[in-house]
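Novice: coordinates for the following, if possible.
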Amino acid sequence: MEGTVDGFRYGAVTPVAAYLMACLGGALGLRCIVRSLLDEQSWKPGWLALGAASIGCGIWTMHFIAMIGFEVEETRIRYDAGLTVLSLAVAIVVVGIGVFIVGYLGASRGTLAGAGVITGLGVAAMHYLGMAALRLDGSIRYDTLAVALSVLIAIVAATAALWAAVTIRGFLTSLGASLVMGVAVSGMHYTGMAAVSVHLHGTTGASWAGDSSSSLLLPMLLGPIVFLVLAGVVVMFDPLLVLGEGERGRPGTARQAGTAPRPGTRQQPGRDPGFRTPARTSQPNREPYARKW
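Specialist: The predicted structure is shown next:
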C-alpha cells in the first residue's frame, strides 16, 4: 500500500523559514571566509572553520525545518536521534573540507571543481542521512532520476558558493550570493523530496523506535540557530567583515597598524611612519617687505 506523502503540511511557512535559514548560514559563512582572505594577519583557520560551521548549520537547519512540514497521512513519523546528529556533523565536516581547500589553494578551475564535488556530495549525504533517520510504519523508496538530479544540484550549488566565497568581496554582493545559494540549497532539498515515495507495511507499533518529530527536531534546531545568531554577532561587530575590501582604503576605516598622516602633512621617505612634517603654507598676496612708518 502506498502512503500519501505531503511535504507542505503547514503551507508556505516551513519552505520560507527553511529558505531564510539557508540564506543566513550562507551569508555568514561567506563573510567569514572573506574575512580570512582580506586580512593575512588574522587567524585564518579559525575564520574558515567558523564559515564552514555557519554554512553547514544553515544547510542542516534548512533541511530539518523543511522536514517539519513533511508527513505521511497514514502513519506517524519519528526520528532516530543518533543519525540526526550525525547528519549535522557530516554537513559541517564536509563543507569544511571544501572551504579549507579553496581557502588555502585558491579558486583555480581544478581546485574549485574538486572542492565543489566534495562539498556537494557531502550536502547530498547530509540530506539522505537525515532521511535515513526517519522512522515510520513503512519503507521509503526513491526515484533514481530525481535523486541524481538533486545530487547534481547540490554539487553545482556548492561549487557556486565556494567560488563566491573566494571571489566576491563586497557586502551587498555577498548578500546577493547568499540569496542565490539559499535558492539552490532549497531546490536541492525539494528535488530530493520529490523522489520520495512510502510503501506502508500495514502494521502498527512495529517501528516506533526514536523520538517524535516535535520532541526531537525543535530542541535540536535550537542549538544550530543559536550558533548562527552568535556568528551573526561576530560578523556585525567586525567592520572589515561588514565593509569588505572595497572600504578598507577609504578615509575613516581601520587599516594596518599605525596612524595615518593627518591632512596637511606629508611623510618624508626613509623616516618613521609616525614622523610628520608640517605642510607649507603659501600666501601669494603677502608683501615682500614690511612697511616702515
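Novice: can you report phi and psi for residue 3?
Specialist: With angles defined as degrees, to the nearest 10, residue 3 sits at phi -80, psi 160.
Novice: in this structure it contacts residue 198, no?
Specialist: Yes - with contact defined as CB atoms under 8 Å, residue 3 and residue 198 form a contacting pair (3.7 Å). Quick note: C-beta positions are derived from backbone N, CA and C, even for glycine.
Novice: between these two, which contacts overlap?
Specialist: Counting by CB atoms under 8 Å, 6 or more residues apart in numbering, the common neighbours of residue 3 and residue 198 are 72, 75, 138.
Novice: which residues does the second one contact?
Specialist: The neighbours of residue 75, taking CB under 8 Å, 6+ apart as the test, are 3, 136-138, 198, 200.
Novice: what is it paired to in the beta sheet?
Specialist: Taking DSSP bridges as the rule, residue 75 bridges to residue 72.
Novice: okay, it: pLDDT?
Specialist: Per-residue pLDDT puts residue 75 at 82.
Novice: ok, the last one next?
Specialist: If you check residue 138, the pLDDT there is 83.
Novice: thinking again about what came up before, make TSV out of the shared contacts of residue 3 and residue 198 and add distance to residue 55.
Specialist: Output for those, formatted as TSV (distance: CB to CB, whole Å):
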residue	distance to residue 55
72	30
75	34
138	33
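Novice: nearest to residue 25, of those?
Specialist: residue 72 (28.1 Å; CB to CB).
Novice: that closest one: neighbour count?
Specialist: Residue 72 has 21 neighbouring residues, counting by other CB atoms under 10 Å.
Novice: would you confirm that it contacts residue 136?
Specialist: Yes - applying CB under 8 Å, one finds residue 72 in contact with residue 136, separated by 6.0 Å.
Novice: what do these two both touch?
Specialist: Going by CB under 8 Å, 6+ apart, residues that sit against residue 72 and also against residue 136 are residue 198.
Novice: mind putting the contacts of residue 75 into JSON lines with neighbour count?
Specialist: As requested, these are exported to JSON lines (neighbours: other CB atoms under 10 Å):
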{"residue": "3", "neighbour count": "21"}
{"residue": "136", "neighbour count": "21"}
{"residue": "137", "neighbour count": "20"}
{"residue": "138", "neighbour count": "22"}
{"residue": "198", "neighbour count": "22"}
{"residue": "200", "neighbour count": "16"}
